[in-house]
Structures are given as structure tokens and as C-alpha cells.
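**Q** Dropping a prediction and its sequence here:
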Amino acid sequence: MDLLKKLCEIHAPSGNEIKMKEFILHHVGENMARWSSQPEIIHGPEFQDCLILAFGKPRTAVFAHMDSIGFTVRYQNQLVPIGGPDAHSGYKLVGADSLGPIECELEVNKDHQLFYNFGRAIDTGTDLVFKCDFKATKTYVTSCYLDNRLGVYNALRLAETLDNGVLVFSCWEEHGGGAVPYLIRYIYERWQIKNALISDITWVTDGVQPGKGVVISMRDRNIPRKSYINKIIDIAQKHQIDYQLEVEGSGSSDGRELQTSPYPMDWCFIGAPEENVHSPQEKVHKYDIECMLELYRVLMKTL
Amino acid sequence: MDLLKKLCEIHAPSGNEIKMKEFILHHVGENMARWSSQPEIIHGPEFQDCLILAFGKPRTAVFAHMDSIGFTVRYQNQLVPIGGPDAHSGYKLVGADSLGPIECELEVNKDHQLFYNFGRAIDTGTDLVFKCDFKATKTYVTSCYLDNRLGVYNALRLAETLDNGVLVFSCWEEHGGGAVPYLIRYIYERWQIKNALISDITWVTDGVQPGKGVVISMRDRNIPRKSYINKIIDIAQKHQIDYQLEVEGSGSSDGRELQTSPYPMDWCFIGAPEENVHSPQEKVHKYDIECMLELYRVLMKTL
Amino acid sequence: MDLLKKLCEIHAPSGNEIKMKEFILHHVGENMARWSSQPEIIHGPEFQDCLILAFGKPRTAVFAHMDSIGFTVRYQNQLVPIGGPDAHSGYKLVGADSLGPIECELEVNKDHQLFYNFGRAIDTGTDLVFKCDFKATKTYVTSCYLDNRLGVYNALRLAETLDNGVLVFSCWEEHGGGAVPYLIRYIYERWQIKNALISDITWVTDGVQPGKGVVISMRDRNIPRKSYINKIIDIAQKHQIDYQLEVEGSGSSDGRELQTSPYPMDWCFIGAPEENVHSPQEKVHKYDIECMLELYRVLMKTL
């Protein structure tokens, strides 16, 4: 859980993911010698702040978004949301501007307008994120930004034993996207990969409970190709991995951008469910994290 | 009308169009020997469940979406809509799951939530469609899914006499799209085609009546290039084909994805108007279907 | 201001920008001999009604949309908006149809439905725009369509002294876009350009006042990459150009299409602020126009 804790503490709201990229680069550099296979590390100006790890002869790509929700400082102590954060007065926000580090408080008025309370004015354009309060018990992990540092964690753990496959660390997912289109262009044109898995976090709902296994999402706002989803469910069943099925009419992910890209990419969202979505206290059952990693390991071999 | 009836009875909601593709492939195989020209039949993993018929030296592409609206089974007898179906309690829905064929009833509560009534639980993720009750009189055809089986029918009839052109059978149109971007990439990169026609069904409105001819849509939510629309109207006029002009602020089609694709594709929606939109009783005047086919025949020669 | 006045008088609502393209082509032909460098002029069927001027070895692209908001004639004297025009009864609208030139009046009923008042029926599909009433005082310019004829003006003035860079004149920006995706495909594939500037007009707000300098938008509905925005602000600061920072949660521009394109393009919206947005009386301070051009000149050299 130490790796997950570090990931949750990194400042990387949508549009400003550079620190997450640097952390992952460092982590890969420190650890890859002990992995089953050594990946090609792909990054640079053509990929903005994104990062790709390519193992062996890839047939399947895993997308894990690095960015988090947050808040942009406007002027007159106003805040504008980045993505769709849960917003309540009293939440602690952190960041930094030209005058130094910031720890301030969120204030929400009755018209749902957002403000900060701080001893001085903060530079316009500064981005703030929830202050991290990471807690792990025997059964649960609680922190801000488990969505999607857990998806990143899952990808980095998967890397340890991966022989063939691409791990993609993307930007802007929480705020309308923008990186997946060029990432998929590169991936498809280089390897003709047609299978994608979205390593991300979903919601506890009427039909999805904590501790009952990883969630395979059959649809959200977007509808992936049914034959691909069925193939994944069959593999999960055959390998006796605990999973739960979700069907939603709303919500989306990096899968949306794969769906609408000019490449014929099948995609499926597979991830642990969380409570307290987009709040400073996102909560995920440890067993679901285990099942998630187990299913990804099997899928990367069999898809 | 026998071909149209068969098309209307096929189970192919967005994301699960494979049966429509197989039907069209079979139909083409059975009939193409009698056509003016024999098309190249393009499909396979690079095209997911889509299908392209390429005739001669194509300058214009016709897009006909194969998918229909419908419902996805959630859990606790809940349903989630696929696309924007008209929903009223009592509508008959059909499908199949691991336990066999299903014929159940739609139930809509006062909060507009959707449920099914059936003697047993249906597998999560099962997709249901309206039960087909196809009727043809001397003047009208009534059935579910005339949108867009009539568009597909129009394309298949057009195939009989087509010398140059591409017929594209697309997926996901009713639910946000996703196939047109890679289809257009293939079509543009192979043939540099810049003209598209959207073979689809529109609405009877204040200005568009049944039996008055095919509708040329000058705009909907999206605005196609005016010079292209004007060229099409001029051709319809010159060939004395009965047409009606539509101007809308809402609604969209495969044209939306052509508009926003990274290719310079002109597009125009041309199709018969229907009453009882997205209900089990969509109704279209036969004369409008005739005019539609006639205009497509002329346009494929002259554009 | 004579060039700006002419630009504001041109009829070019979204989807029908051909007259703006022709005007710019003519202007370039007449003037380019006196420019520092002579651009390659790129247009033709592959670019629909768009136009690109390429100078030297370009590293940065400037996007200026040519289209304006307006109204499409439906039937029964109904109008459908093009983009999001400010609509009040009595506004003068102009256009032309098969019977000749039109000058009519906009009527808005209490349900916000739009109609025209004119002595005869206007052809369905005719597009109407605000009648231009251009006024320049010592400090202010007032006219319809300063958004975005000022952005076009800025690009054409920039052309006079530009050595390296691409000026892109785009279509459909006011109505959902559609041209930027293929323009960026061409630009990226030919020059691997990764820097874009959006030459467009923004709003006077709580934090942005007329006469205080050009606005650098740090975000709107979309969030550009923070490191790119910071680089631009640093350049403005270093060159002592008067600028204002904007942070918004809504609004968008050609930048949105760059953000979601399959190319790794950084973008920043930089433009003068206006009052009376999307009305016949858009009003911009002349000093902000000067600062805008000055900042573009510096950025094209230093980015």
C-alpha cells in the first residue's frame, strides 16, 4: 500500500499531470530490473505529459488516467471546478503559487458557487486539490483520488509480471479528455492493437457492493461492443475470479474517447468500486483491488 | 417490402449489430450476381461489426446505420435506455439471455424510470428491442425500427443499379456513434471521397408531411456546408424528384460524426419522414420511400 | 480600421463562409508583396472553405475562425439560431434568397421562439446575419461580429511581419466546429506543429476589463496544458505587454477541437475582451486590440 499512498499524495489535476508522469518514470526506473519483462518507455513532446510502457508484442492496451479532479483559482477568491468534485464547505485544499505553498479551505455558498478561505489572495490560475489523508485498515483503503491512483497502481503492479501489452498513462480524463485520441493513434498505427481495458474506479451502487469483487462495466453513458464484453466475462468466469457486473446510463471514462476515435478499438471498463465518489474520503475494499489485479493479469494473457 | 420486413425483425441494438451485418452479407451474396456492378465487400476485425460495399470508382459514400434503439437490462428488473426510445408501459420487448428467448413488457413509472415485467429475472446486460409488428398497406408501412432499416433498405436497393460509389453500414448511431470515425478514415484515405449522403429517417413536422416526397435536411443540430446542400437541391429540382426541405435546430445523425471527423467530408441527410418516431409503430408513406431511392440513384450518378 | 470594417460587413455565418475566404484570398493577393515574407497559400477541395497561410518554417499555428453566428430561415416565418446569437425583437437581419436581397426584422416571442418580419416569405434554408453598423471612436470599436472578424484582422495584421508560422482561417466555430480536425491533421502531418494560439474574442467579466490589455485565457470549458499557458504568460511578462488573465468554467473555441484531436497540440486562447457579446453592438477597446497584435507578434518569434 506504500506505492498507492505515494500516488494519492501527488498533485496532478487535469492539465497539470507532469508530477505524476515524473513519479511513474522514476518508479519504473527503480523497479523494472526486477520485472518479468523490461518495457520500452515511450514519452516526450509528441505525448505531452503522457507516458506509455510497451511490453513484448502487445495485443491489448490498458489505459489508466493520471489526472484528478480539483479546483482552479479565478479572482476575488472564486474557484472553478476541474472535473466534477464533490464540494462541501470545510474541505481542505492544497497547492502552491508564486508566493509559496497553500493550504486553504473550500467554501460553498447556497447557490453552489465555490470560494477559498485563505489568509492572502492566491494567484489566478493556481490549481488546488484535496489534501490527502490516506488511511488503510485490514479491509479498506480511504483517501482522496483513489480514482484514479488505484487504476495507476493496478497498471504498475500489472507491469511486474507483464510479458505482452501496452500500459498507457493518460491525462485530462476527469475534464473532457484530450490525450487518448493521440495516444490511440500512436498505439494503433504502431501495433494495430484493437483491445483496450480501462483501469479505473467505478461506484458502489444498488447492484455493486464493496468486497464482492472487481466490476466489469457492461456499459455506462457509452455502450462498448457486446461481443467484446461477453468475451471478458467468459474469461473472468473461466478463471473463477470474483467479479460483479455493472450497467449504467451515465458516467464515462477514457473508454468514451476510444469509442469515438478514428480507430476500431474495443474497450471495457474494469475496476474496483468506491464509496464517497470524488470526495476527500474515497473508500475501496482491499479484496476488490486484489480481484482487479488478478483479472487484468489473466486478461493480458488470454485476450 | 419483404426485404424491409426482414430487416425490421432483426435484433440489432447499438453495440450489438452483428446480426444485421450477417444478414446484409448473406443478402449481398445471394443477390449481387444480378446487380449492374459487383461490389468489393469490405469487413473484418478492422471494421468491428460494420460493412462496406465498394462499387467501381467511388466519388460519393452513402451511410446507413444498422443499429436500433432499445433497452439494456440492469438488475432488480431495471432497464437503461439504448438511444432515445419512446417509452410507454405495455410496449412488448424481446431478446434472449442464457436461459432462452424473452418476451416481456415495458413498465414506466411516474418518475420515468424503466422496468421490465417478466416471469423471471433476466441476465444483467441483456439487450431488449421492440417486438416487431410489421404492417404494409397500399400507402403506408408501419413497424418498429423503420429508423433505420429503411435507410439500410434504401442502400441495398440502390446497390442493384450502382456503378460507382460506396455503401457504408455503420453501428452505434442511435447511441452517440463510434464507428463512423474509423469508417471515414478508411474511405477517405483509400479513395479521397469528399461527398457523403446520410440514408436515414427524419420526422414529420410543421413543414414536412407524409406523401409529399423525400426530405432533404438543410440542417439539424449540425450545419452542413451550404454549397453542398444547394448542389443537391439543384439536382433534385433538375430531375423533377418530389422533395421537401427541412430546417431543424435539433436532431443528429451519422452526419455529425462526418462533420467533426479529421477529414473534409461534405454530408447531407436525405430520407423519408416518419410519424411515431422511435416507437414500435413508426409509420412512413410509401411514396416518400420511392422518392428517396430515386433521388439517391440520381445523386450517385451526378454528384 | 478600414480592413476591420470590411471584414465585419461580410456575410459568412457558420456553414457558409465562402465569401470570407474569397475576401481574404483577395486581400492577401493585393498585399503580400509588401509583407516581410511571402506565404504559401493553401486552399482547395481538401480544405472546404478554409484557408491556410504558411510562412517560412512554422513552429506555431494561429487559428482565427471566419464564421459568425446568425439565423437559418425555416418555414412559416420561423428562424433557427446558428450558434448562440443574442436575440431581441427589432434587431435588423440581412441576407439574400432566390428573389433577391433581404433586410428584415427579428421577432422573439415570450417562449423565446424566433421569427422574421418581412414583406414576403423567405426561401427555406436562407441564412440571415445581423445588419452591420460599424462605428469607431478614439477608444472603442462597435460592430456586429467583432467576434471573430477581429481575430481574423489580428491574423492578417500579423501576416505583415511574420517570418515563420501558420495562419489558419477556420469554419463552423460558432456552431460546434468541424473544420479544425482536418486542418490540424494537415498541419501536424506536414510540419509537426505542436503549438497553437486561438485568435478570438472573449468577454468582459468581473476580472477582465476593457482597456486593460489582451486577455490570456488560462481555461474555459476546456483546460489547456498548464505548462504551455505558463510559458505564454512568462513571455508576455518579459516583453512588458499589458495582459489580463481569465479563468472560466464555460465557453469554448477552436481550442476545444485541438484539445480533442488525435494530435498532441498545445493551445491557448488569446484575444481582446468584448462587451455586448454576440449582439449587433459588440464593443472592444482599441488598446486591447493593439496589445493583442503585439503579443501575437512576440509569441510567433519566441514560442
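**A** Arrived safely, thanks for sending.
**Q** I'd assumed residue A:30 was in a strand, is it?
**A** No: using DSSP: H, G, I helix; E, B strand; the rest coil, the assignment for residue A:30 is helix, not a strand.
**Q** Could you check how many residues crowd around it?
**A** When neighbours are defined as other Cβ atoms under 10 Å in any protein chain shown, residue A:30 has 9 of them. Just so you know, the C-beta spots here come from the backbone N, C-alpha and C atoms, and that holds for glycine as well.
**Q** same deal with residue A:276?
**A** So residue A:276, with other Cβ under 10 Å, has 16 neighbours.
**Q** dump the residue contacts of it.
**A** A:86, A:282, A:283 (Cβ atoms under 8 Å, 6 or more residues apart in numbering or on different chains).
**Q** I'd like the distance between it and chain C.
**A** Shown here: residue A:276 relative to chain C, a distance of 24 Å by Cβ to the nearest Cβ, to the nearest Å.
**Q** the helices in the stretch 151-300 of chain A, which residues?
**A** Per DSSP state H, counting those that start in this stretch, the stretch 151-300 of chain A carries helices over the ranges A:180-191, A:226-238, A:254-259, A:286-302.
**Q** Can you check which of the ones you listed gets nearest to residue B:108?
**A** With respect to residue B:108, and counting by Cβ to Cβ, the nearest of these is helix A:226-238 at 24.5 Å.
**Q** which residues touch the closest one?
**A** Helix A:226-238 is contacted by residues A:195, A:216, A:218, A:243, A:245, A:266-268, A:270, A:295, A:298-299, A:302-303, B:15-16, B:18, B:49, B:125, B:127 when judged by Cβ under 8 Å, 6+ apart.
**Q** 6 Å - rerun?
**A** The contact list for helix A:226-238 (Cβ atoms under 6 Å, 6 or more residues apart in numbering or on different chains) reads A:218, A:243, A:266, A:268, A:295, A:302, B:15, B:16.
**Q** and it, how far out from the chain's middle?
**A** From the chain centre to the centre of helix A:226-238 is a distance of 23 Å (Cα atoms, centre = their mean, to the nearest Å).
**Q** same deal with stretch A:93-112?
**A** The chain centroid and the centroid of stretch A:93-112 are separated by 23 Å under Cα atoms, centre = their mean.
**Q** Just the buried positions in that stretch, please.
**A** Across stretch A:93-112, burial judged by 16 or more other Cβ atoms under 10 Å in any protein chain shown covers A:93, A:94, A:95, A:97, A:102, A:104, A:106, A:107.
**Q** out of those residues, what pair is the most spread apart?
**A** Farthest pair in the buried residues of stretch A:93-112 (Cβ to Cβ) is A:97 and A:107. Separation: 18.4 Å.
**Q** Report the buried members of the contacts of helix A:226-238.
**A** A:218, A:243, A:266, A:268, A:295, B:15, B:16.
**Q** wait, doesn't the third one sit right on residue A:225?
**A** This points to residue A:266. Yes: counting by Cβ atoms under 6 Å, residue A:225 is a contact partner of residue A:266 at 5.3 Å.
**Q** what residues does chain A put near chain C?
**A** Along chain A, the residues adjacent to chain C under the rule Cβ under 6 Å from any Cβ of the partner chain are A:14-16, A:46, A:48, A:72, A:74-75, A:80, A:124-125, A:175, A:178, A:181-182, A:185.
**Q** are any of the residues you listed buried, and which?
**A** Neighbour counting by 16+ other Cβ under 10 Å classes A:14-16, A:48, A:72, A:74-75, A:80, A:124-125, A:175, A:178, A:181-182, A:185 among the residues of chain A next to chain C as buried.
**Q** Now do the same for residue A:129: helix, strand or coil?
**A** Three-state call for residue A:129 (three-state DSSP): strand.
**Q** From the residues of chain A next to chain C, which land in strands?
**A** Per DSSP state E, strands hold the following members of the residues of chain A next to chain C: A:72, A:80.
**Q** now, the most widely separated pair of the residues of chain A next to chain C?
**A** Farthest-apart pair in these is A:75 and A:185; separation 37.7 Å (Cβ to Cβ).
**Q** for residue A:223, what are its contacts?
**A** If you count contacts by Cβ under 6 Å, 6+ apart, then residue A:223 has B:14, B:15, B:175 around it.
**Q** So residue A:180 is in contact with residue A:257, correct?
**A** Yes: counting by Cβ under 6 Å, residue A:257 is a contact partner of residue A:180 at 3.7 Å.
**Q** With neighbour numbers in mind, choose between those two.
**A** Taking other Cβ under 10 Å, residue A:180 and residue A:257 do not tie; residue A:180 has more neighbours (30 against 26).
**Q** quick one: low-confidence ranges for chain A?
**A** In the prediction, chain A carries no residues with pLDDT under 70.
**Q** Looking at the record's assignment, how would you partition it?
**A** The record's domain parsing of chain A by automatic domain parsing lists A:2-68+A:135-302, A:70-130.
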